[in-house]
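Peer 1: Predicted model, plus sequence, below.
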Amino acid sequence: MSDERISNLAEDVDPPLLYPDYRSTTLRAPQRPPIIVPDRFRDLENPVYGHDIREADNDLTRQHSGDPQGERIIVTGRVVEEDGRPVPNTLVEIWQANAGGRYRHEGDQHPAPLDPNFSGAGRTLTDADGKYEFLTVKPGAYPWKNHPNAWRPAHIHFSLFGRAFSSRLVTQMYFPGDPLFEFDPIFQSVRDPEARRRLVARFELGLTQPEWALGYRFDIVLRRTPFE
Amino acid sequence: MIPGRTPSQTVGPFYAIALCRETQSEVVPGGSLRIAGHVLDGAGEPVADAVVELWQADKGGTRWGRCGTDATGRFEFKTEKPASMADEAPSVDVIVLARGLLKHLVTRIYFPDEPSANAADPVLSSLEPRDRETLVATEADGGLSFDIRLQGEKQTVFFAL
């Protein structure tokens, strides 16, 4: 373990910015520590979004004329703050590879087929209790060029706003028991094993719909905001 | 039991399929002020897979926009200069996400036509002069230019929340 990495270990749940095992951090992680401003950085409230969310936006299996390939899954959970308070009416955006591990993005050169029936993007608003739900297919693992024979564990990207500027979170949800965890520097960049576990969804038979889709629970805990 | 916070992870290189489905770079609809710039890495190379968000206070609440960078690392927004808040100079808060950033960065844009308000601003005036310079946009082509340098001698100042 390099010295830089140790010095970057914060008492924070977030990964350090410089994590040399994830190669792209070396030219992108700021080298000087962030400035702590007097009286704390101001905290703007959650913005009003400029786009409409349609009912079907949270069903990634119904965005084309046919069904996508792959294992159909329900991903649901609650968005709460650190004190357990739900975050209602907040935007949750997701994106992911298809079942074969390929993103519908021109930069993705992995030789796995695109699925004409899968775009891999969804969005929804949480309800009054902070709950969200998506129907999608389980994404495949895929190779990347970080190091020889590097593979990302299956994951779904999440973007959340919460109540304020300070609660903004972009993260990735993983699937339980993935054999690639120990080899993935992005997952391992979260140094606290307990915090790392919070990136892994839980399979629940109770969420699973018979003859239809496996159910996974992924609760998301955002930074507490100072409002009311 | 109260659970701990969910950790951050990188936005990765493929965010555009979800985060850039619509053009969202008008922070203030019909805004006449263009703020554009480049995100640059420690080698001075463009960061072609960053997302920049602008957040600013407005009478009706918070205005927000986002823009993915192009192959040259460039982003461009349309907005209006926000009003001053209390004893602060007018400014726009910025979030930077990118492949290679395991958590997002926070910085702030100040305006070059506000020298006295900038001099009195509690955040800006607390910084070393060379750091202060990285946060004040420059006038360019009838709009404003604001480059975000992730590393190096002229690294942009980033803030802890």
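Peer 2: Received it, and whenever you're ready, just let me know what you need.

Peer 1: In chain A, which residue sits furthest out from the middle?
Peer 2: Relative to the centre of chain A, and counting by CA atoms, centre = their mean, the farthest-placed residue is residue A:38 at 31.9 Å.

Peer 1: I'd like to know how far that one sits from chain B.
Peer 2: The gap separating residue A:38 from chain B is 6 Å, by CB to the nearest CB, to the nearest Å. C-betas here are computed from N, CA, C, even on glycine.

Peer 1: That residue: which element?
Peer 2: Counting by DSSP states H and E, no helix or strand carries residue A:38.

Peer 1: Name the SS class of the residue most central in space within chain B, please.
Peer 2: Closest residue to the average C-alpha location of chain B: residue B:94 at 3.0 Å, with CA atoms, centre = their mean. Three-state call for residue B:94 (DSSP: H, G, I helix; E, B strand; the rest coil): strand.

Peer 1: Walking through chain B, point out its helices one by one.
Peer 2: B:16-19, B:115-120, B:129-133 (DSSP state H).

Peer 1: cool, and chain A?
Peer 2: A:3-8, A:185-188, A:193-197.

Peer 1: Can I get the biggest strand by length in chain A in PDB? Just the C-alpha atoms.
Peer 2: Longest strand in chain A, counting residues (DSSP state E): strand A:72-81. Output in PDB follows, covering the C-alpha atoms of strand A:72-81 (Å, rounded to 0.1, in the frame of the first residue of the first chain):
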ATOM      1  CA  ARG A  72     -35.300  -9.600 -14.900                       C
ATOM      2  CA  ILE A  73     -34.800  -7.900 -11.500                       C
ATOM      3  CA  ILE A  74     -36.600  -5.400  -9.200                       C
ATOM      4  CA  VAL A  75     -34.300  -2.900  -7.500                       C
ATOM      5  CA  THR A  76     -36.000  -1.000  -4.700                       C
ATOM      6  CA  GLY A  77     -35.200   0.800  -1.500                       C
ATOM      7  CA  ARG A  78     -35.500   3.900   0.600                       C
ATOM      8  CA  VAL A  79     -33.500   7.100   0.400                       C
ATOM      9  CA  VAL A  80     -32.900   8.400   3.900                       C
ATOM     10  CA  GLU A  81     -30.600  10.800   5.700                       C
END
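
Peer 1: At which residues are the strands of chain B located?
Peer 2: Applying DSSP E to chain B gives strands spanning B:33-40, B:50-58, B:61-68, B:74-79, B:91-98, B:105-110, B:138-140, B:143-145, B:148-149.
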